[in-house]
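Chemist: I need the structure of the sequence given here:
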Amino acid sequence: MPTDAIITLTDPRSAAAEAYRTLRTNLEFASVDHPLRTLLVTSAAPTDGKSAAVANLAVAMADGDRRVILVDADLRKPAQHTLFSLSNDKGFTNLFRDDDALKQPPLQVVPNTSLQVLTSGPLPPIPGQLLASNKVAEIMARLADMAEIVIFDAPPIVTVNDASLLAAKVDGVLLVVKAGGTKRDHIKAAKDRLEKVNARLIGAVLTHAQVDATLQYT
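Modeler: Numbering: from 1, shown residues only. Below you'll find the model as predicted:
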């Protein structure tokens, strides 16, 4: 069973779940002129609640039987297999070295949704080398052919270079920021890194805000 962190599944009528659906709608309007087929979600710091936010957004995006693939591209501290209670024996990393896995990715379906999750798979010794390889573009294209939108959960962009390597290859980037937790200079550093690789920053998600809806879009 999914953990309580995935509020869009465990309590879909809650204010927080509705906030994620609002975020989904805002993203759809933001991409009217520039179709959003691949979306990367990163954060400025490790404790911003990124992975839970990604999981909830993915569930919200899959509403209405929309074909959505969530990829755990955090190859340092993957969390999606834990959040969704899935096996992590095979996943994203297998696609880099196994042509059969690339042809038939080991996607796992989240019950009662049209969401499919590609967990991280076995962790590589140096994630940056894997994500900097030419194989990434081929993998992204393959996954994009299988869904209406592919969402990548990437590591915090300020602490490691992994997210920067992926950000330049996707249609849009969403930055997760923790209210009262993320330092202003970390947010600026995250924005600067995204601009440096010419990534398209389409918005930011504010988590842990002390308001009725615990998530906002800006």
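Chemist: so how far is the longest helix anywhere in the chain from its chain's centroid?
Modeler: As assigned by DSSP state H, the longest helix anywhere in the chain is helix 15-30. Relative to the chain's own centre, helix 15-30 is displaced by 15 Å; criterion: C-alpha atoms, centre = their mean, to the nearest Å.
Chemist: do the same with stretch 36-55
Modeler: Counting by C-alpha atoms, centre = their mean, stretch 36-55 comes out at 5 Å from the chain centroid.
Chemist: Show me which residues of it are buried.
Modeler: 36-45, 48-55 (16 or more other C-beta atoms under 10 Å). For every residue, glycine as well, the C-beta is placed using N, CA and C.
Chemist: what does stretch 13-31 give?
Modeler: Across stretch 13-31, burial judged by 16+ other C-beta under 10 Å covers Ala16, Ala17, Glu18, Ala19, Tyr20, Arg21, Leu23, Arg24, Leu27, Ser31.
Chemist: Name the next helix or strand downstream of the longest helix of the chain, please.
Modeler: Of the helices and strands lying after helix 15-30 in sequence (DSSP states H and E), the nearest is strand 38-43.
Chemist: Show me what that following strand is packed up against.
Modeler: Applying 3 or more C-beta pairs under 8 Å, 6 or more residues apart in numbering; DSSP states H and E, one finds that strand 38-43 makes contact with helix 50-61, strand 149-153, helix 162-167, strand 172-178.
Chemist: Dump those to a markdown table, plus distance to Asp100.
Modeler: Below are these laid out as a markdown table (distance: least, C-beta to C-beta, whole Å):
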| stretch | distance to Asp100 |
| --- | --- |
| helix 50-61 | 25 |
| strand 149-153 | 20 |
| helix 162-167 | 24 |
| strand 172-178 | 30 |
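Chemist: Save those as TSV, and put in mean pLDDT and distance to Gly203 too.
Modeler: Output for the helices and strands packed on strand 38-43, formatted as TSV (pLDDT from 0 to 100; distance: least, C-beta to C-beta, whole Å):
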stretch	mean pLDDT	distance to Gly203
helix 50-61	95	11
strand 149-153	97	14
helix 162-167	94	14
strand 172-178	91	6
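Chemist: any idea which of the buried residues of stretch 13-31 is closest to Ala154?
Modeler: Comparing those against Ala154 with C-beta to C-beta places Leu27 closest, at 16.5 Å.
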